[in-house]
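when you get a sec, could you give me coordinates for this:
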Amino acid sequence: MLSLVVADLRSKVSLWSPALLALIVCAACAGGVAVAISSGLRTAGSAPGPDALEGVRVLGGTIGMLTVLAAAGVTGSTAGFVLSAQSQDHALWLIVGFTPRRLRWTLRLEILALALVGAVIGIPLSYATATGILWQWSTIGIVAPGQVPIFEMWQPPTVLLLTVVSAAWGTWGVTRRASRISEMAALREARSGRPHIGWLTAMTAATLFGAGCVIILAITAFPLGGPDDRAAGALSALLVLITATLLVPAWTIRPLLWLWTALVPSRSSSWYLARETCRFASTRSLATVVPFAIGSSLVAVLHGGGTVSGGGSSLAEVGVLIGPTLLVSWTGGVCVIALISRSRSRDHALLEQAGAPPGTVLRVASLEGAIYAATALLYGLVFLLAAVVLLHAVADIGLNSAMTSLPWADFTCLAGLTMGTSIGAVLLSTARRDSRRGARTP
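Here you go, the predicted structure:
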């Protein structure tokens, strides 16, 4: 089985390379948080701020949890898309005599091998990440200025373990589904764009959604504590709802994409082609939107909600909390765009054969990237408005003052970065794939 795993990975190295890059970034960020927590706890006594030890524990634990969750989601999106793209090969393996159990563990060994390679490369990078995290923490006084990472023997194995756990967590259901599907269904689904949600994922999402709703009902029906406590409870409930809705993007983000694109009154053929491509290829669309939606929704709730509630959270302070999470999620979005360039190149080749000029092909590609980014930004906008309305209800904050106090300049910059990253990655991956295809054409 090991020889098969190695041979399969070597034959599809170009397909797996974006997933490997995502694993390297996940290892560097998750490991960097672990190293920063360890170093901060050892030197908390020399920190200038009060309660530095407790600050490192709480802040480090929160950052670590968000980063691992984002790493699991990104790994699931990238590796899951790679496995979905190979469903025809997996169907052939089943036809020639593979048992579902053997196929399942072959796929899991492939992901384990990639996770180990990504962790080995990410271990030295994690210390560079920890240096940046410690510098951020020094600006809020929980570690001493100039603090550098302190090496300990348990740190590299911990980075290795975090990477493997994130990869296994994000891809366990995908590998199980790839091994259980029938041969003919796999061959048929290789050409289908419909996403799939497992029953365990659906139950987890429903449980989290119910928990978030219960928290909201509790703080509105029983307004205990002061306004600050109720505002903190409201923002915590929204974070739980973000996690719940991102677990089932086919039920949340997909309807949002269909709704807003249907409301755009455009008769452009390029827009129509881009819109229908994003709608039909729902699996690749959701895999692209989800990483960017993670970043936009977290910034909307933590930065926007924190500002409205009077916490005075600046963009730099929010970056201290979710900086590694944003890096992981955005890298995952770019990697997924690189992964889907192969299927997009096939679509564009069909357009060219149908007589579409090169300018139309590029416009369709750029509009696809714009649709991905706009859907992620609208998802964040939904939670931003929910935060404003909820804080108005539980913390007695006026709607007019809340809307005017929002950091619109920061949101505009982040929206521009998201849009530019998405469109640029789509155009770059399309240009590289087309240039390779042109070089192979005699």
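
buried stuff in the top helix by length along the chain?
In the chain, with assignment by DSSP state H, the single longest helix is helix 100-139. For helix 100-139, the neighbour count (16 or more other Cβ atoms under 10 Å) marks 103-119, 122-123, 125-127, 129-131, 133-138 as buried. C-beta coordinates here come from the backbone N, C-alpha and C atoms, glycine included.

residue nearest the centroid of the chain?
What sits nearest the mean C-alpha location of the chain, by Cα atoms, centre = their mean, is residue 291, with 2.6 Å.

what about that one, which helix or strand?
Residue 291 is part of helix 282-299, with elements assigned from DSSP states H and E.

which is the next helix or strand following that helix?
Taking DSSP H and E, what comes next after helix 282-299 is helix 305-308.

and that following helix, what does it pack onto?
Judged by 3 or more Cβ pairs under 8 Å, 6 or more residues apart in numbering; DSSP states H and E, helix 305-308 is in contact with helix 227-247, helix 358-395, helix 399-405.

after the helix or strand bottoming out on mean pLDDT in the chain, next one along is what?
Ranked by mean pLDDT, DSSP states H and E, the weakest helix or strand in the chain is helix 183-189, scoring a mean of 57. Using DSSP H and E, the helix or strand that follows helix 183-189 in sequence is helix 199-221.

what's the angle from that following helix to helix 358-395?
Relative orientation of helix 199-221 and helix 358-395, computed by axes from the mean of the first three to the mean of the last three Cα atoms, to 10 degrees: 40 degrees.

before we move on, back to that, so who does the residue nearest to the centre of the chain touch?
By Cβ atoms under 8 Å, 6 or more residues apart in numbering, the residues touching residue 291 are 70, 73, 74, 77, 329, 330, 331, 332, 333, 336.

just put those residues in TSV and tack on distance to residue 243.
Output for the contacts of residue 291, formatted as TSV (distance: Cβ to Cβ, whole Å):
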residue	distance to residue 243
70	10
73	9
74	14
77	15
329	13
330	18
331	20
332	16
333	18
336	19
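
show me the residues you listed that map onto helices.
Residues of the contacts of residue 291 located in helices (DSSP H): 70, 73, 74, 77, 329, 330, 331, 332, 333, 336.

how far is the longest helix of the chain from where the chain is centred?
Centroid separation between helix 100-139 and its chain, computed with Cα atoms, centre = their mean, to the nearest Å, is 15 Å.

got it, and stretch 207-223?
Here stretch 207-223 is found 26 Å from its chain centre; the criterion is Cα atoms, centre = their mean.

mind listing what's buried in that stretch?
Buried residues in stretch 207-223, counting neighbours by 16+ other Cβ under 10 Å, are found at 208, 209, 212, 215, 216, 219.

now it - C-alpha only, CSV.
Provided in CSV are the C-alpha atoms of stretch 207-223 (Å, rounded to 0.1, in the frame of the first residue of the first chain):
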residue,chain,number,x,y,z
THR,A,207,-26.1,21.6,17.4
LEU,A,208,-23.9,24.7,17.1
PHE,A,209,-26.7,26.7,15.5
GLY,A,210,-29.0,25.7,18.3
ALA,A,211,-26.4,26.7,20.9
GLY,A,212,-25.9,30.1,19.3
CYS,A,213,-29.6,30.7,19.2
VAL,A,214,-30.0,29.7,22.8
ILE,A,215,-27.3,32.1,23.8
ILE,A,216,-29.0,34.9,22.0
LEU,A,217,-32.4,34.1,23.5
ALA,A,218,-30.8,33.9,27.0
ILE,A,219,-29.2,37.3,26.8
THR,A,220,-32.3,39.0,25.3
ALA,A,221,-34.9,37.4,27.6
PHE,A,222,-32.8,37.4,30.8
PRO,A,223,-30.6,40.6,30.5
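
follow-up on the earlier one: between the helices and strands packed on helix 305-308, which one is nearest to residue 411?
Comparing the helices and strands packed on helix 305-308 by their distance to residue 411 (Cβ to Cβ), the top pick is helix 358-395, with 7.9 Å.

hmm, back to that, with pLDDT and distance to residue 14 added, can I get the ones in helices among the contacts of residue 291 in CSV?
Output for these, formatted as CSV (pLDDT from 0 to 100; distance: Cβ to Cβ, whole Å):
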residue, pLDDT, distance to residue 14
70, 85, 25
73, 81, 24
74, 84, 19
77, 77, 18
329, 88, 24
330, 87, 22
331, 88, 18
332, 86, 18
333, 85, 19
336, 83, 15
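
let's verify the closest residue to residue 109 other than its chain neighbours: helix, strand, or coil?
The shortest distance from residue 109 to any non-neighbouring residue, by Cβ to Cβ, 6 or more residues apart in numbering, is to residue 5 (4.8 Å). Using DSSP: H, G, I helix; E, B strand; the rest coil, the three-state assignment for residue 5 comes out as helix.

what residues does residue 5 make contact with?
Contacts of residue 5 by Cβ under 8 Å, 6+ apart are 106, 109, 110, 113.

residue 166 now?
Taking Cβ under 8 Å, 6+ apart, we find residue 166 in contact with 26, 30, 68, 71, 72, 75, 115.

tell me what angle the helix or strand it falls within forms with helix 199-221.
Assigned by DSSP H and E, residue 166 belongs to helix 155-180. Here the directions of helix 155-180 and helix 199-221 differ by 110 degrees (the same axes, to 10 degrees).

residue 12 versus residue 399, what's the distance?
53 Å (Cβ to Cβ, to the nearest Å).

low-confidence ranges in the stretch 251-400 of the chain?
311-314, 341-348, 358 (pLDDT under 70).

quick revisit: quick one: which of the contacts of residue 166 is most hemmed in?
Using other Cβ atoms under 10 Å as the neighbour test, these are led by residue 26, with 33 neighbours.

spatially nearest residue to that one, not counting backbone neighbours?
That would be residue 71: by Cβ to Cβ, 6+ apart, it lies 3.8 Å from residue 26.

isn't that neighbour up against residue 329?
No - judged on Cβ atoms under 8 Å, residue 71 makes no contact with residue 329 at a distance of 9.2 Å.

over to residue 265. Which of the three states is it?
coil.

which ones are touching it?
Taking Cβ under 8 Å, 6+ apart, we find residue 265 in contact with no residue.

in the stretch 1-150 of the chain, which segments are predicted with low confidence?
Counting by pLDDT under 70, the stretch 1-150 of the chain shows low-confidence ranges at 45-50.

rerun that using 80 as the cut-off
Along the stretch 1-150 of the chain, segments meeting pLDDT under 80 span 1-2, 43-55, 76-77, 79-81, 83-88, 90-91, 140-141.

from residue 34, how far out is the residue nearest to residue 109?
28 Å.

can you check residue 281 too?
To residue 34, residue 281 is 37 Å away according to Cβ to Cβ.

care to break the protein down by domain?
Split into domains by automatic domain parsing, the chain comes to 1-192, 196-442.

report the contact partners of the residue nearest to residue 319 when sequence neighbours are not counted.
In this structure, residue 319 finds its nearest non-sequential neighbour in residue 136, 6.9 Å apart by Cβ to Cβ, 6+ apart. By Cβ under 8 Å, 6+ apart, the contact set of residue 136 is 319, 320, 323.
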